[in-house]
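[1] Compute the structure for the input listed below.
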Amino acid sequence: MAGGISEAEWEHLSMEHLAEVGWCPVKGKDIAKGSGERESWDELIIPGRLRDAIARINPKLPPVAVDEAVATVMSATSRDAIAENHRIHGFLTKGIRSVTCTDEYGAEQNPTIWLIGKRNTADNDFLAANQVMVTDGEHKRRFDIVLYLNGLPVAFFELKKAGTDDDGLKYARNQLATYAEELPLAFRCNVACVVSDGPGALCGTAFTPFEHFAPWNVGDGGKPRGAAAWGWRVAALRSDDVWSFPAWAVP
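    Sure thing, here's the model as predicted:
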């Protein structure tokens, strides 16, 4: 039966499962420019969600410092996808230390500003959007599924018709690599990319050669995780995988 499932049907099933493991499902058009979420077609980050998360996770931070932290994340220093990914990964793992603020006693402070709540996952905002349109100059692409963590697009899913062979998965990976070349800033927050035809699923990043993509159902020790693997891996993106899949570190 799997061979008869279309890409659209597989996408629908994926969104249903994402909802089951804690991601709030929305349509890409519901977060597009003009929705009050994304501010432009060429920017995937959702600044309002990022701002709310920073304020929630760093409750002592004054509003002006929250705004400065958001600006720091969103102000790209180059159009090099890997360099920008390295920069953002540093913020995800070590926090932002470039923002200064004045405390209630008038003393200048240089706090570590966290983008993700490590101690309490309830502080975080998990959003899954399908059919997400992005433009960059003459380039216009639509992502099958984008996973947002606190407004940051940390994961991309490229889905193919169920039952295809490895060539379908390779094609999906090559599509992501093309997207990274055409839309480099869309991948600056990327933690993981998933290519799947339903029965088969591989995980890597937009910068990972296909031969280095790992089976989705294999754990850190190389041991298969069985039928529950999809839920395990997607749920893991809600926490530890943010620290263990730095795209820039992949050869």
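[2] contacting residues around the top helix by length along the chain?
    If you go by DSSP state H, the chain has its longest helix at helix 166-182. Residues from elsewhere that reach helix 166-182, judged by C-beta atoms under 8 Å, 6 or more residues apart in numbering: 81, 136, 139, 141, 143, 156, 158-161, 186-187, 193, 195-197, 200, 202, 204, 206-208, 210, 213. For glycine as for every other residue, the C-beta is placed from the backbone atoms N, C-alpha and C.
[3] Derive a ChimeraX selection command for the buried subset of those residues.
    Selection of buried members from the contacts of helix 166-182 for ChimeraX, criterion 16 or more other C-beta atoms under 10 Å:
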select :81,136,143,156,158,159,160,161,186,187,193,195,196,197,200,202,204,206,207,208,210,213
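[4] taking the contacts of helix 166-182 one by one, which sit in strands?
    Per DSSP state E, strands hold the following members of the contacts of helix 166-182: 136, 139, 141, 143, 156, 158, 159, 193, 195, 196, 202, 204.
[5] contacting residues for the last one?
    Which is residue 204. Contacts of residue 204 by C-beta under 8 Å, 6+ apart are 173, 192, 193, 195, 210, 212, 213, 214, 250.
[6] what about it, distance to residue 167?
    Counting by C-beta to C-beta, to the nearest Å, the separation of residue 204 from residue 167 is 17 Å.
[7] now the third one
    Residue 141 sits 21 Å away from residue 167, taking C-beta to C-beta as the criterion.
[8] Same question for the fourth one.
    Note on residue 143: its distance to residue 167, by C-beta to C-beta, is 21 Å.
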